[in-house]
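> Have a look; sequence and predicted model below, questions after that.
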Amino acid sequence: MPPLVSIIIPTYNRYNFLIEAIESIKNQTYKNFEIIIVDDGSIDKTCRLQSDKSVVYLKQNNKGPAAARNSGVNIAKGEWLAFLDSDDLWCREKLRLQMDFAKENPEYDIFYTDESWIKDGKYVNKKKSHKKYHDWIYPQCLKLCFVGISTLLIKKYLWKESAGMDEKMPVAEDYDLWLRLAAKKKFYYIDKELVIRNGGRDDQLSISFRGMDKYRIIALQKMMKVKNLKEKWREMTCNELIKKCKIYMTGCKKHGKIDEVIFCENILNRRFELQKN
């Protein structure tokens with residue numbers, strides 16, 4: 001009998017963190033799952049997991065986190081998908097609580113939870129802007145990456161129907177996906193910190209990659225092309241696109257990034273055309 005939940009961990013050269021992440025899954029009080037490790041071209045000791053019969057190990061050339069998650073989904077056997085970044089941890093009740101809520105609320109296909117943040121070994125207080133919301137969360141998703149990927153539980157059919165993560169996006173791939181999903185589906189929010197998210201390290205893409213703002217702009221551009229987007233949301237999307245372009249362009253001017261300034265100017269010059277669409 002296939003597992004009900006497929007848990008996918010993309011990883012790149014994080015063997016020591018990965019072992020702890022796997023243990024946090026094995027310690028779950030809910031047990032009907034499979035663990036899929038997608039080794040995205042690691043050159044550390046991650047390959048040792050090939051011999052671990054408690055996980056499904058998939059090796060691929062380094063293609064980035066979006067491609068790694070999509071690869072995991074392609075071999076997943078479960079009806080539900082969950083994801084855990086290799087440097088994050090799950091609390092013991094995370095999966096059981098989500099599956100209980102899923103059983104009690106069959107009209108929802110996406111569930112997410114709150115998370116606690118650790119930076120440099122210390123817990124970080126979240127800002128008011130990080131408050132989570134329930135049901136139709138598209139407006140909140142516009143402003144920032146609203147859902148922690150490690151908190152997610154989603155029906156596999158919906159991930160595939162949405163074409164998964166955009167592999168052309170080296171960063172902000174989760175921001176892009178939340179926009180596309182939240183435009184057509186309600187999210188069920190469980191107001192409990194069930195994931196421990198580790199941050200602030202130099203090896204994390206959100207820290208080391210310098211094009212995060214640009215790729216969020218690209219994600220918003222894509223949403224402006226969605227034909228059946230609610231009119232009110234289209235206006236909000238356009239306003240957020242203009243706002244992010246102005247902020248990004250100011251930074252690019254300061255650092256002499258002429259090509260990026262032109263990229264933003266081209267978008268801003270088309271603002272009235274965007275609003276009409």
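Sure, I can see it. Numbering: from 1, shown residues only.
> can you pull out the strands in this structure?
Counting by DSSP state E, the chain has these strands, from start to end: 5-11, 33-40, 56-60, 80-83, 89-90, 110-119, 122-124, 153-155, 188-199.
> Comparing these by mean pLDDT, which bottoms out?
Taking the mean pLDDT of each of those, the lowest value is held by strand 122-124, a mean of 86.
> other SSEs contacting that one?
In terms of contacts (3 or more Cβ pairs under 8 Å, 6 or more residues apart in numbering; DSSP states H and E), strand 122-124 is packed against strand 110-119. Using the backbone N, CA and C atoms, a C-beta is placed for each residue, glycine as well.
> relative to strand 188-199, how tilted is the strand it packs on?
Between strand 110-119 and strand 188-199, the angle formed by their directions is 30 degrees, by axes from the mean of the first three to the mean of the last three Cα atoms, to 10 degrees.
> In CSV, could you pull the C-alpha coordinates for strand 110-119?
Once side chains and other backbone atoms are set aside, the C-alpha atoms of strand 110-119 remain, and they are given as CSV (Å, rounded to 0.1, in the frame of the first residue of the first chain):
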residue,chain,number,x,y,z
ILE,A,110,-3.3,23.3,0.9
PHE,A,111,-2.3,23.6,4.5
TYR,A,112,0.5,25.5,6.1
THR,A,113,1.6,26.4,9.6
ASP,A,114,3.5,29.0,11.5
GLU,A,115,7.2,28.5,12.1
SER,A,116,9.9,29.6,14.6
TRP,A,117,13.0,31.3,13.4
ILE,A,118,16.6,30.7,14.5
LYS,A,119,19.5,32.9,13.4
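> Which neighbours in the sheet does it have, and how are they oriented?
Strands adjacent to strand 110-119 in the sheet, as given by DSSP bridges, are strand 122-124 (antiparallel), strand 153-155 (antiparallel), strand 188-199 (parallel).
> for these, which one sits closest to residue 102?
Each of these has some distance to residue 102 by Cβ to Cβ; the shortest is strand 153-155, at 6.8 Å.
> What lies in contact with that closest one?
Residues outside strand 153-155 that contact it (Cβ atoms under 8 Å, 6 or more residues apart in numbering) are 5, 79-82, 95, 98-99, 102, 109-112, 181.
> Narrow those to just the buried residues.
Among the contacts of strand 153-155, those classed as buried by 16 or more other Cβ atoms under 10 Å are 5, 80-82, 95, 98-99, 102, 109-112, 181.
> any chance of those residues in CSV, with distance to residue 121 too?
Formatted as CSV, the entries for the buried ones among the contacts of strand 153-155 read as follows, by distance: Cβ to Cβ, whole Å:
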residue, distance to residue 121
5, 30
80, 33
81, 31
82, 26
95, 26
98, 28
99, 31
102, 34
109, 36
110, 32
111, 29
112, 26
181, 33
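> how about the strands paired with strand 110-119, which one is nearest residue 165?
Nearest to residue 165, of all the strands paired with strand 110-119, is strand 153-155, at 11.9 Å by Cβ to Cβ.
> And that closest one, how far out from the chain middle?
Here strand 153-155 shows a centroid-to-chain-centroid distance of 12 Å under the convention Cα atoms, centre = their mean, to the nearest Å.
> rewinding a little: between the contacts of strand 153-155, which is nearest residue 11?
residue 82 (15.3 Å).
> Would you enumerate the residues in contact with that closest one?
Applying Cβ under 8 Å, 6+ apart, one finds that residue 82 lies in contact with 5-8, 33, 95, 98, 152-154.
> if we can go back for a sec, okay, the contacts of strand 153-155 in TSV with distance to residue 42 next?
Converted to TSV, the contacts of strand 153-155 look like this (distance: Cβ to Cβ, whole Å):
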residue	distance to residue 42
5	24
79	29
80	27
81	22
82	22
95	25
98	29
99	30
102	32
109	32
110	30
111	30
112	28
181	29
